[in-house]
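Enquirer: how would this look folded up:
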Amino acid sequence: MNSIPSMDRHIQQTNDRLLCIKQHLQNPANFHTAATELLDWCGDPRAFQRPFEQSLMGCLTVVSRVAAQQGYDLDLGYRLLAVCAANRDKFTPKSAGYEESEVVQLPQCVRPLR
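Expert: The predicted model follows:
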């Protein structure tokens, strides 16, 4: 029998779902639903585990690129990036720096005050 251990299956299913969310984030009609699902998911510290990091970073890259465009939701995009920025200590150093730079790409009006 060729069975995948349950943890490996869970990781694969989660990464597949994140890929699906990433695709939906690229469409203004689906952005709100996908970003809301991702924001809810990022409310759980387990979202920032290393097996999901690359897929999560892919989603955040899309959010940072499209959120300010017409038809998308800048506020929701900013909230999602802010939640992830607040958890950057859970990312690998490479991703933590990358994720932080994505927040900076948002327009001046929504950058965090320092």
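Enquirer: check contacts around Lys22.
Expert: Taking C-beta atoms under 8 Å, 6 or more residues apart in numbering as the criterion, Lys22 is in contact with Ser55, Gly58, Cys59, Val62. The way it works is simple: take the backbone N, C-alpha and C, and place the C-beta from them, glycine included.
Enquirer: Tell me how far the nearest residue to the second one once chain neighbours are set aside lies from Met7.
Expert: The shortest distance from Gly58 to any residue that is not its chain neighbour, by C-beta to C-beta, 6 or more residues apart in numbering, is 5.1 Å, and that residue is Lys22. Counting by C-beta to C-beta, to the nearest Å, the separation of Lys22 from Met7 is 23 Å.
Enquirer: What is the helix or strand harbouring Ala29 packed up against?
Expert: Assigned by DSSP states H and E, Ala29 falls within helix 28-41. With contacts defined as 3 or more C-beta pairs under 8 Å, 6 or more residues apart in numbering; DSSP states H and E, the packing partners of helix 28-41 are helix 6-25, helix 50-66, helix 74-86.
Enquirer: repeat that with 6 Å
Expert: Applying 3 or more C-beta pairs under 6 Å, 6 or more residues apart in numbering; DSSP states H and E, we find helix 28-41 packed against helix 6-25, helix 74-86.
Enquirer: So which of those is the most surrounded?
Expert: Most buried of those, by mean neighbour count (mean count of other C-beta atoms under 10 Å): helix 74-86, with a mean of 18.
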